[in-house]
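Enquirer: Take a look and give me a structure for this.
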Amino acid sequence: MKRGHFFLAFLFTMALGCDQGTKTVGSCGDDFVDPGEDCDGSAEITATCTDLGFHTDAAPVTCTSKCAFDVGACGPRCGDGTLQAQFEDCEGTDLNGQTCQSQGTSGGVLQCGADCQFDLSRCESICGNQMVELEEACDDGALVEGDGCSRTCTVEPGWTCLEGNPSVCDPVCGDGLRVGDELDTGRCDDGDLDDGDGCSAACETETGWDCDAAEPTSCTEVCGDGLRVGDEPCDGADLGVADCVTAGLSGGTLACATGCVFDTAGCFTCGDGVCSDALGEDRAACPADCGLTAIAGHTNHTCALTGEGTVWCWGRNSSGQLGDNSTTDRTSPVQVLPPEGGTFPFDDVASLAVAFLHTCARKTDGTVWCWGTNSNGELGNNYNVPSSKPLRTHDITDAVGLTAGSSHTCVLRASGAVGCWGVNEHGQVGDGTTMNRMGVMPVAGLTDAAEVVAGDDHTCARKTDGTVWCWGWNAYGQLGDGTATDRPAPVQVTGLTDVRALAAAVNHTCAVRTDSTLWCWGRNNDRQLGDGTTTDRPTPVQVAGQTQVTWVLAAGRHTCVIQWDNSMWCWGDNTYGQLGDGTTTDRSAPTLLTVVDDQIWFATMTNHACVVHPDGDARCWGRNNVGQLGDGTIVDSPSARTPHIP
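Expert: Model prediction:
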């Protein structure tokens with residue numbers, strides 16, 4: 001008995017120890033949704049009518065006393081036995097009057113599915129009846145291949161079929177497959193929808209192209225049809241925007257050759273030393289080829305060198321010094337003719353040297369050619385017969401420099417030796433004698449010259465060590481050795497080193513040192529030495545204020561320099577306006593040359609001067625009594641005149 005009471009007490013105690021939050025089935029009404037309950041009292045209901053399968057949320061879902069959803073107000077739902085046509089295809093056996101045929105199939109039994117939607121699983125389809133049914137992707141009514149819809153009503157590769165009955169199928173342009181009308185002439189498919197590659201975005205062969213029948217289509221340009229397409233540089237007359245300049249040349253007419261590549265035969269290259277006038281190259285287009293590159297002269301005549309290496313001369317021609325095979329003075333430029341038996345034109349000339357009555361030219365092959373008077377061997381051909389056309393000076397094949405005085409000429413050889421010929425009464429040939437020389441004579445002891453210049457009757461050379469050596473007439477100290485004694489062989493100019501440029505005139509000489517200072521010596525009667533006096537100087541004196549000199553020129557009784565900034569300054573005799581300041585007033589100090597604004601070559605002569613302008617033309621000023629300015633007149637001019645060289 002006691003044992004039974006103890007067991008009941010144990011059960012009661014265990015019951016009191018259970019979790020108070022645990023509910024058991026059958027506790028409906030405790031406001032707690034237990035397993036098996038849809039809802040419970042006031043517990044929140046999150047479900048809606050549509051969540052529970054009804055067609056609308058016509059009313060909120062409530063909870064019955066049995067903890068089940070009260071859906072009495074939810075409205076219609078699938079399976080309620082009533083067809084709701086706005087929501088359902090069918091309801092049970094009510095098919096709303098529909099059949100398999102009305103649903104686009106050929107026949108069979110139409111059923112209603114559990115979701116109140118038609119079940120076509122027992123309907124039947126017929127491929128080829130022009131109706132897309134069930135699993136058919138297309139049905140065009142034709143049971144043939146190659147029209148887009150196959151015999152089994154599947155869409156063929158390379159096609160797309162539109163919705164509708166019957167199916168209408170078209171080739172897919174841009175997929176790389178050639179089907180349907182893409183197989184027609186003029187049609188293609190290269191696998192993309194780009195224009196300009198031969199096959200257009202509409203899969204049509206573009207004009208100017210030839211496309212093959214491969215898949216994908218490969219297209220190539222048709223060369224020779226006159227249309228530039230694809231990678232063709234040109235085709236016929238169609239060059240696009242290309243011309244000789246874009247082709248890397250200077251000008252002319254670009255053409256298209258066989259193979260649709262550029263033909264540059266009608267183009268010219270500026271700077272090649274050939275003025276291709278037939279190709280449209282002219283002085284304006286290329287001063288370097290068609291314009292002048294250098295100019296030189298003496299008292300009464302002037303000569304200019306063109307970019308092609310031809311020579312033009314003008315002025316006094318009494319001894320044939322103009323080289324035009326006549327002795328007629330010329331107030332306008334005439335072209336120097338080739339030697340007897342030579343080929344026109346006389347060209348390949350690299351530099352000029354102009355004397356009083358003769359002229360010489362150094363060619364690019366190192367030979368020297370002279371023309372004009374030859375009574376004292378001025379032409380250097382071992383004869384004394386004058387020539388109004390070029391004659392080759394004997395035994396010279398290595399000339400790298402050329403200069404001429406009044407009646408003698410000297411050449412600088414590649415070895416550094418100097419050779420001279422012509423009048424030698426003062427020893428200006430430098431061979432240790434005063435005998436006139438009709439052939440080239442080596443200057444005594446001179447083997448390392450870097451430059452040679454000639455005054456009227458004296459000559460000077462700059463050695464590679466920067467010293468200066470002179471020989472010939474010395475009446476005014478123009479040899480710079482501190483004496484007035486003529487020298488038939490070179491003597492060193494006193495106290496002058498580090499020289500990099502020389503110039504010699506009638507009776508005075510000047511040098512530019514490496515520090516850009518200017519030093520002059522010799523006659524000074526017209527203040528040509530630039531030291532502010534008229535005292536002759538037998539040794540070099542510095543020209544005041546000239547510390548930025550790049551080049552020096554001397555002629556007659558005046559001197560000129562080119563400075564770092566390319567400005568030109570002159571002083572000395574200005575009787576004919578040769579100093580270029582627009583006046584005829586002598587100048588005792590350097591005066592800015594103003595008659596021209598620029599130059600690429602500057603030359604001073606006895607009483608006139610000339611420059612080559614960057615435009616390729618010459619400008620000359622000063623004395624013009626025999627046409628040495630080349631402007632077609634014999635009127636002196638202190639302002640610049642332009643010789644006309646074709």
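Enquirer: Tell me the spacing between residue 624 and residue 608.
Expert: 7 Å (Cβ to Cβ, to the nearest Å). Just so you know, the C-beta spots here come from the backbone N, C-alpha and C atoms, and that holds for glycine as well.
Enquirer: So which of these two has more stuff around it?
Expert: Higher neighbour count among residue 624 and residue 608: residue 608, with 31 against 23, using other Cβ atoms under 10 Å.
Enquirer: For the more buried one, name its beta-bridge partners.
Expert: Residues in a beta bridge with residue 608, per DSSP bridges, are residue 622.
Enquirer: now it: how far from residue 163?
Expert: In this structure, residue 608 lies at 98 Å from residue 163, with Cβ to Cβ as the measure.
Enquirer: Backbone dihedrals for residue 50, both of them.
Expert: Here is the backbone geometry of residue 50 (degrees, to the nearest 10): phi -70, psi -30.
Enquirer: Share the number of residues neighbouring it, please.
Expert: Residue crowding around residue 50 was assessed by other Cβ under 10 Å; the count is 14.
Enquirer: for residue 180, same thing?
Expert: So residue 180, with other Cβ under 10 Å, has 18 neighbours.
Enquirer: what's across from the closest residue to it other than its chain neighbours in the sheet?
Expert: The spatially closest residue to residue 180, leaving aside those adjacent along the chain, is residue 171, at 4.1 Å (Cβ to Cβ, 6 or more residues apart in numbering). The bridge-partner assignment for residue 171, based on DSSP bridges, gives residue 159.
Enquirer: Quickly find the element holding the residue nearest to residue 106 when sequence neighbours are not counted.
Expert: If the residues on either side of it in the chain are set aside, residue 106 comes closest to residue 126, at 4.2 Å by Cβ to Cβ, 6+ apart. Element membership for residue 126, per DSSP states H and E: none, as it lies in no helix or strand.
Enquirer: Repeat that for residue 288.
Expert: Counting by DSSP H and E, the secondary-structure element that holds residue 288 is helix 287-290.
Enquirer: who does that helix touch, helix- and strand-wise?
Expert: Helix 287-290 is packed against no helix or strand, with contacts defined by 3 or more Cβ pairs under 8 Å, 6 or more residues apart in numbering; DSSP states H and E.
Enquirer: got the CA coordinates for it in PDB?
Expert: As requested, the backbone C-alpha atoms of helix 287-290 are provided in PDB (Å, rounded to 0.1, in the frame of the first residue of the first chain):
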ATOM      1  CA  PRO A 287      64.600  74.900-102.700                       C
ATOM      2  CA  ALA A 288      67.200  72.300-101.800                       C
ATOM      3  CA  ASP A 289      66.900  70.600-105.200                       C
ATOM      4  CA  CYS A 290      65.500  73.300-107.500                       C
END
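Enquirer: From residue 211, how far off is the nearest residue to residue 160 once chain neighbours are set aside?
Expert: Nearest residue to residue 160, sequence neighbours excluded (Cβ to Cβ, 6+ apart): residue 172, at 5.2 Å. With distances taken as Cβ to Cβ, residue 172 is found 17 Å from residue 211.
Enquirer: Tell me which of these two has more neighbours.
Expert: Taking neighbours as other Cβ under 10 Å, residue 172 and residue 211 compare with residue 211 leading, 22 against 19.
Enquirer: who touches the more buried one in this structure?
Expert: 188, 190, 198, 199, 205, 217, 218, 219, 220 (Cβ atoms under 8 Å, 6 or more residues apart in numbering).
Enquirer: okay, now the residue nearest to residue 221 when sequence neighbours are not counted: neighbour count?
Expert: Taking Cβ to Cβ, 6+ apart, and ignoring the residues beside it in sequence, residue 221 has residue 230 as its nearest neighbour in space, at 4.4 Å. Neighbourhood size, residue 230 [other Cβ under 10 Å]: 17.
Enquirer: Look up how far residue 208 lies from residue 230.
Expert: To residue 208, residue 230 is 8 Å away according to Cβ to Cβ.
Enquirer: thinking again about what came up before, what pLDDT does the residue nearest to residue 160 get?
Expert: What the model reports for residue 172 is a pLDDT of 97.
Enquirer: Please determine how far it is located from residue 195.
Expert: Distance of residue 172 to residue 195, given as Cβ to Cβ: 18 Å.
Enquirer: just residue 288 next, same as before
Expert: In this structure, residue 288 and residue 195 are separated by 46 Å, where distance is defined by Cβ to Cβ.
Enquirer: Same check on residue 487?
Expert: Here residue 487 is placed at a distance of 86 Å from residue 195 (Cβ to Cβ).
Enquirer: Pick out whichever of those two has more residues nearby.
Expert: residue 487 (22 against 12).
Enquirer: so what's that one closest to, chain neighbours aside?
Expert: Excluding the flanking residues, the one nearest residue 487 by Cβ to Cβ, 6+ apart is residue 471, at 4.7 Å.
Enquirer: right, and the helix or strand after whichever strand or helix holds that neighbour?
Expert: Element membership for residue 471 (DSSP H and E) is strand 468-472. With elements assigned by DSSP H and E, the helix or strand that comes after strand 468-472 is strand 487-492.
Enquirer: give me the number of residues near residue 267?
Expert: What residue 267 shows, counting by other Cβ under 10 Å, is a neighbour count of 23.
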